[in-house]
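Colleague: have a look; sequence and predicted model below, questions after that.
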Amino acid sequence: MAKKTKEKNNEPLEAKLWKAADTLRKNIDAAEYKHDVLGLIFLKYISDAFEKLYNELRKDPYADPEDKDEYLARNIFYIPKKARWKEIEKHTRSPEIGKYLDEAMDEIERENPPLRGVLPKVYVNYLTL
């Protein structure tokens with residue numbers, strides 16, 4: 001029995017997000033649900049692309065991995081530190097995970113003008129642990 005509890009506590013963030021998505025689905029209309037879930041998937045997708053380039057830039061002695069222009073030059077969205085997936089993961093057990101996700105979406109929009117007003121910021125209303 002303890003083993004099952006341990007496995008559940010160590011489940012990946014993606015599994016936790018899908019469970020949260022199921023919770024969202026119960027509270028909102030299906031037409032709205034898809035936008036909220038797609039927002040989470042988009043956040044993960046752009047975070048992965050950012051992280052890959054970030055790691056490449058760290059290896060280059062002439063590059064600055066925190067320079068926004070490095071990402072713009074490669075058509076990759078710049079992700080501010082607070083909005084990075086690894087930072088969000090730190091808050092997965094927090095009762096305020098919805099707040100962290102909304103703030104991450106705000107930060108990403110602030111740093112990437114094409115995304116302004118596009119990303120969902122509704123997680124604080126639905127994600128409570």
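Modeller: Structure received.

Colleague: what are the contacting residues of stretch 95-107?
Modeller: For stretch 95-107, the external contacting residues (CB atoms under 8 Å, 6 or more residues apart in numbering) are 20, 39-40, 43, 80, 82-83, 87-88, 91, 94, 119-129. To be clear about C-beta, it is placed using only N, CA and C from the backbone, and glycine gets the same treatment.

Colleague: buried subset of the residues you listed?
Modeller: Neighbour counting with 16 or more other CB atoms under 10 Å marks 20, 39-40, 43, 80, 83, 87-88, 91, 119-123, 126-127 as buried within the contacts of stretch 95-107.

Colleague: could you pull out the helices for this protein?
Modeller: 2-9, 13-27, 30-59, 68-72, 85-89, 97-111, 123-126 (DSSP state H).

Colleague: next up, the contacts around the residue nearest the centre of the chain.
Modeller: For the chain, Leu43 is the residue whose C-alpha lies nearest the centre (CA atoms, centre = their mean; 4.1 Å). By CB under 8 Å, 6+ apart, the residues touching Leu43 are 83, 85, 88, 101, 104-105, 108, 119.
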